[in-house]
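Trainee: no letters, just coordinates:
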């Protein structure tokens with residue numbers, strides 16, 4: 001069953017390769033959606049796929065060497081049937 005979640009990541013998440021790491025993790029785990037920097041220094045990601053694949057994507061991002069996530073907001077949102085994962 002496919003789901004879609006919206007994440008806002010807080011911490012040391014800009015200027016550390018977060019978006020590129022998210023792109024590679026999402027594509028590796030067959031997750032679609034997008035990731036982008038927000039003006040307040042946080043990063044937004046929408047991820048769509050199987051729950052396990054989305055969870056693996058977030059774990060892959062968290063394991064990155066330079067990224068330090070202090071907190072995250074997570075919300076379930078409607079499916080959008082994206083074809084790929086992209087950096088906005």
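Mentor: Looks like it came in fine. On a predicted model such as this, the values are computed, not experimentally measured, just so you know.

Trainee: and the gap between the residue most central in space within the chain and residue 4?
Mentor: Taking CA atoms, centre = their mean, the centroid of the chain lies closest to residue 45, which sits 4.1 Å from it. Distance of residue 45 to residue 4, computed by CB to CB, to the nearest Å: 11 Å. Placement of C-beta: from N, CA and C, glycine included.

Trainee: swap in residue 19?
Mentor: Using CB to CB, residue 19 is found at 19 Å from residue 4.

Trainee: what segments of this protein are strands?
Mentor: Assigned by DSSP state E, the strands in the chain fall at 2-12, 32-37, 43-50, 68-76, 85-87.

Trainee: Provide a list of residues in contact with residue 1.
Mentor: If you count contacts by CB atoms under 8 Å, 6 or more residues apart in numbering, residue 1 has them with 50-51.

Trainee: anything in contact with each of residue 45 and residue 4?
Mentor: Common neighbours of residue 45 and residue 4 (criterion: CB under 8 Å, 6+ apart): residue 33.
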